[in-house]
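Participant: take this sequence and fold it.
(2 chains)
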2 protein chains.
Amino acid sequence: MRRTIPRWAAWASRWSAKPTLPIAGYARMYSVAPVRHETFGSVTPALLHKFASVLSVPQSSLLSTIPSDAKIWNTVDASELDGFNNDWMGKYKGHSICVVRPKSTEEVSNIMRICYENNIAVVPQGGNTGLVGGGVPVHDEVVLNLSSMNKIRSFDAVSGTLVCDAGAVLETLDNEVAQYGYMMPLDLGAKGSCHIGGNVATNAGGLRFLRYGSLHGTVLGLEVVLPDGRILPGLRTLRKDNTGLDLKQLFIGSEGSLGIITGVAIATPRRPNANNVAVFGVNSFEAVQKTFQMVRRHCSEILSAFEFLDHQSFDVVQTYSSMNLRDPFESRHPMYVLIETSGSNQEHDDAKLQALLEDLLESGVITDGVLAQDETQVKALWSLREGVPEALGHYGKVYKYDISMPIEKMYELVETLRARMVAKKLMPAPQEPGRVKAVCGYGHVGDGNLHINIVADAYDTEIEAAIEPFIYEWIQNVDGSISAEHGLGLMKAEKIGFSKDALSIQIMTDIKRVFDPKGLMNPYKYLPCT
Amino acid sequence: MRRTIPRWAAWASRWSAKPTLPIAGYARMYSVAPVRHETFGSVTPALLHKFASVLSVPQSSLLSTIPSDAKIWNTVDASELDGFNNDWMGKYKGHSICVVRPKSTEEVSNIMRICYENNIAVVPQGGNTGLVGGGVPVHDEVVLNLSSMNKIRSFDAVSGTLVCDAGAVLETLDNEVAQYGYMMPLDLGAKGSCHIGGNVATNAGGLRFLRYGSLHGTVLGLEVVLPDGRILPGLRTLRKDNTGLDLKQLFIGSEGSLGIITGVAIATPRRPNANNVAVFGVNSFEAVQKTFQMVRRHCSEILSAFEFLDHQSFDVVQTYSSMNLRDPFESRHPMYVLIETSGSNQEHDDAKLQALLEDLLESGVITDGVLAQDETQVKALWSLREGVPEALGHYGKVYKYDISMPIEKMYELVETLRARMVAKKLMPAPQEPGRVKAVCGYGHVGDGNLHINIVADAYDTEIEAAIEPFIYEWIQNVDGSISAEHGLGLMKAEKIGFSKDALSIQIMTDIKRVFDPKGLMNPYKYLPCT
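Facilitator: Numbering: from 1, shown residues only, chains lettered A, B, ... in the order given. Just a heads-up that it's a prediction; the model follows:
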């Protein structure tokens, strides 16, 4: 694979540098923490001794601020738990005094059994790369971090089936299977840090979704430790198995609310030999949709991404990206589309793309287009799209929304919000200074998934009140989703009603009770009642 | 799409002719019916009046052998309900005296509410094309047949999203979306009769699975009527929606045990412009696996089928098929592979296939190969594979098994069974007459799914005892599935333990109770305890 854009690199460096980017200010927006459940037990020296008794190396696997009399566990300062208590954006801050990093499924099982017996609430934690506060504690829940379970258990080079620990890092797995000519069926900005178990638990979408589909289709089996410590042994590698309810599907996207995923079996597709990237300038969102249809017709089986950004996003990425990006066009366009193809034969893919470009230009659906000629240009074009979130962070304080809805409705919401900001005197005419600087739309339009980012000079209750609940109600009215790929976590647990009906929420709660009758798993999140 | 093999035609004619084919004899093998649940109510005139009161046209929607005083419902002879009581193979025979064919979701809802209030057990029924007795009553359950709900609700030609009633026939839907350049993401022999709702309820696999994946990935939303009549409104068309547990996944493959699917939203892929079919002769199952790897490498994104048959299957289809098939090779081979490609550009696909064929022949992985030159040859080659089940039926009495397991283990089971039949003196040396005539292996090897058929001169308890539980235990030992795509139904409800652990079965039962606390939905099937 030629394209090796360091999607995560920029973020990773910010992470390690304890970023002071505006994004940290988010915490203010969601600062009212739910009240701690009275029924939950607390971490005590006695509990830590019990934990230590079931861990092979408690000196490194068990961290707590509670002093250990005989160095049985690793006694740490509270600040040493920051990386486990706080999310990477600094938006959510938990208060756990105990982190467990088990080395095996049996250790997870034993820890969970002890927690269950002692009514201890637990937060399963992967790479802690989430955006909705789902992977960090709210109060003093025990953090069960999977990073010490990161082995590949098996890989079948005939079928492309991978079986691995839940704590394996996505990019590491991708590199491993690459040796055999395969690739992971999902790709995210966070690939260098996120765990496959976290990907599954949050039903991660990302850049390859359009081509390789949902994890509901590619995950073949899961090993899960239930809240009471029992191990659900579902680590099958069968592509077809119609023997009873497909329980693994429940855990995909359950955000740690039902149990702890400890092992993942997943189907990996063939790695493509050829990659092409093109960016088009178009005049309207209607033209974006027409472009999508023509791209699907011409590229069909080789299409691997169809991304969109409006001129507001394009302007910001040009001006504020730290990557010093060059505008590949001679003039600005109202909207931009990026497409990527991935196939097994470069010559064939080039021919398909050539025919597409001619058709697009001749039909007048696009007004201009550039096609990457080499790996450097591939990276540069991808940076125009992938640099948007970082550039927005440099431009101002960002209110971020991750939505999905029928494609034809999608951009109407961006324009409606823009008009609303003007009507409320929050956003002036272009070039004039104002409290709201821009309303930007970009994202995975090929999947019906748009990121709407509202950039302001400062976080402000008036701005927030102008956006919410208006945006959620608007999405509800067009039968869209208020969280396309980021999940609910703590941020949107109480907002699920905008996307799901009361009966469905009730059934979700009933099913949660089947798995977690004591409500110990990742409490205060995901569902309103937990 | 050039290939239009009438896969279902042969079966359909047998159905309408009340077939006397040996397959009907299966009933003997599974003849011990479960005892009727005492708690279930019975259909009475009073109940029928209640049903009639909620149906818009009870004169045609409500069928019963109970006489109607004022022609309120359609009074029929018991024989007129045979098509609803008996499965198409004549293997399972129910004794319902009442069939309801609602015309809307609201009618389904009202009927279910009445059944719930009166403890009436219900069998949801689609096209009645199943193979495991899941779609017909066991005793006197009310048959709720979806055939009167067969409308397309909407189709979005930009995204390829189809929303339709559950009773729409798969082939009809495929023809509809074909007008817009799309295709259904699944294809079955039963396409001319099966309902999309039944496909979803049984998680149907079929011939396009290798390319377009599982229904767990392609189904976008479901509308379901719960056992108590409440409507679960999940008919969303979003490709991405991470707001809570993905409840629709539970219904996919639930075989009518949790509720009645009344509407389906599904993503349809682009219809290919080019199709190619080739058949290879190979020397061993190891060579089949090597062929699979090379085919995946060369054809990658255009591969749409990788099917297998052993020489026993090939001999039978050549000798006993009613289709008078021609052997495309000059000599017989130990094993055969059929591949199909589907792409957007004929020239490119031809080039890829040419390169594959040269590589396969030069490397000696295959010993011979033929490539269809026109539509007639495409059909003829497909018939070699698709004609196997029919030909086996003509050859003798068939014991059928539908299994999945790691590919490398797959053919070992066929050889083990063959050796076992010889060791037990049930199958003699080739050409000698014997009670077991052949042990044949064929199927969707690209999906890890093999059909094992044991052909005998007559059904015989000794032969059966030589196969079962041996075959199930063998599959269990290699962590395979005793039902890859056919489901459990009545046939394998008690056998689920060979493929699923006790904890998983317990959780399935608990989840069933959440939806169906009275156990009224499709009783005696799917799970051992229901």
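Participant: from here on, contacts and neighbour counts on C-alpha atoms
Facilitator: OK.
Participant: pLDDT score for residue A:22?
Facilitator: In this model, residue A:22 is scored at 31, pLDDT.
Participant: okay, now the unreliable bits of chain A?
Facilitator: A:1-32, A:429-433, A:529-530 (pLDDT under 70).
Participant: quick one, domains of it?
Facilitator: A:45-145, A:152-267, A:273-385, A:396-520 (the TED database).
Participant: winner for burial among those domains?
Facilitator: domain A:152-267 (a mean of 23; mean count of other C-alpha atoms under 10 Å in any protein chain shown).
Participant: so is that domain next to chain B?
Facilitator: Yes. Domain A:152-267 lies within reach of chain B by C-alpha under 8 Å from any C-alpha of the partner chain, at A:158-159, A:202-203, A:205, A:213-218, A:232-233, A:236-247, A:249-250, A:253-254.
Participant: before we move on, the earlier item: closest to residue B:88 out of the domains of chain A?
Facilitator: Proximity to residue B:88 (C-alpha to C-alpha) singles out domain A:152-267 among the domains of chain A, at 20.6 Å.
Participant: what about that closest one, distance to the chain center?
Facilitator: Centroid displacement of domain A:152-267 relative to its chain, using C-alpha atoms, centre = their mean, to the nearest Å, is 15 Å.
Participant: next: stretch A:325-342.
Facilitator: 25 Å.
Participant: start to end distance for that stretch?
Facilitator: For stretch A:325-342, the separation between the terminal residues is 24 Å (C-alpha to C-alpha, to the nearest Å).
Participant: sec struct for residue A:356, please.
Facilitator: helix (DSSP: H, G, I helix; E, B strand; the rest coil).
Participant: pretty sure it contacts residue A:294?
Facilitator: Yes. The pair formed by residue A:356 and residue A:294 meets the contact definition of C-alpha atoms under 8 Å, at 7.3 Å.
Participant: where's residue A:325 relative to chain B, distance?
Facilitator: To chain B, residue A:325 is 30 Å away according to C-alpha to the nearest C-alpha, to the nearest Å.
Participant: name the element the residue lying closest to that residue once chain neighbours are set aside belongs to?
Facilitator: The shortest distance from residue A:325 to any non-neighbouring residue, by C-alpha to C-alpha, 6 or more residues apart in numbering or on different chains, is to residue A:318 (5.9 Å). Residue A:318 belongs to helix A:311-320 when elements are defined using DSSP states H and E.
Participant: ok, then the element right after that helix?
Facilitator: strand A:335-343.
Participant: from the middle of its chain, how far away would that following strand be?
Facilitator: 21 Å.
Participant: angle of that strand against helix A:311-320?
Facilitator: Interaxial angle, strand A:335-343 versus helix A:311-320 (axes from the mean of the first three to the mean of the last three C-alpha atoms, to 10 degrees): 80 degrees.
Participant: report all helices and strands that strand A:335-343 contacts.
Facilitator: Secondary-structure packing of strand A:335-343 (3 or more C-alpha pairs under 8 Å, 6 or more residues apart in numbering or on different chains; DSSP states H and E): strand A:274-282, helix A:285-299, strand A:303-310, helix A:311-320, helix A:346-363, helix A:375-386.
Participant: would you list those in TSV and tack on distance to residue A:496?
Facilitator: Shown next, in TSV, are these (distance: least, C-alpha to C-alpha, whole Å):
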stretch	distance to residue A:496
strand A:274-282	35
helix A:285-299	28
strand A:303-310	27
helix A:311-320	28
helix A:346-363	40
helix A:375-386	28
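Participant: wait, which of those is closest to residue B:57?
Facilitator: Closest among those, once you apply C-alpha to C-alpha, is helix A:285-299, at 42.3 Å.
Participant: can you give me every residue that contacts the residue in the stretch 1-150 of chain A that chain B sits nearest to?
Facilitator: In the stretch 1-150 of chain A, the residue that lies nearest chain B is residue A:132 (11.6 Å; C-alpha to the nearest C-alpha). By C-alpha atoms under 8 Å, 6 or more residues apart in numbering or on different chains, the residues touching residue A:132 are A:486-492.
Participant: again, but for residue A:413
Facilitator: residue A:474.
Participant: that one sits in which helix or strand?
Facilitator: Assigned by DSSP H and E, residue A:413 falls in helix A:407-423.
Participant: any idea which of the contacts of residue A:132 is closest to chain B?
Facilitator: Lowest distance from chain B to these (C-alpha to the nearest C-alpha) belongs to residue A:487, with 4.9 Å.
Participant: contacting residues around residue A:97?
Facilitator: A:43, A:63-66, A:78, A:81, A:140, A:142.
Participant: switch the cut-off to 7 Å
Facilitator: Each residue near residue A:97 by C-alpha atoms under 7 Å, 6 or more residues apart in numbering or on different chains is listed here: A:64-65, A:140.
Participant: save these as JSON lines, and put in secondary structure and distance to residue A:190 too.
Facilitator: Compiled in JSON lines, these are given as follows (DSSP: H, G, I helix; E, B strand; the rest coil; distance: C-alpha to C-alpha, whole Å):
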{"residue": "A:64", "secondary structure": "strand", "distance to residue A:190": "28"}
{"residue": "A:65", "secondary structure": "coil", "distance to residue A:190": "29"}
{"residue": "A:140", "secondary structure": "coil", "distance to residue A:190": "27"}
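Participant: good, we can wrap up now.
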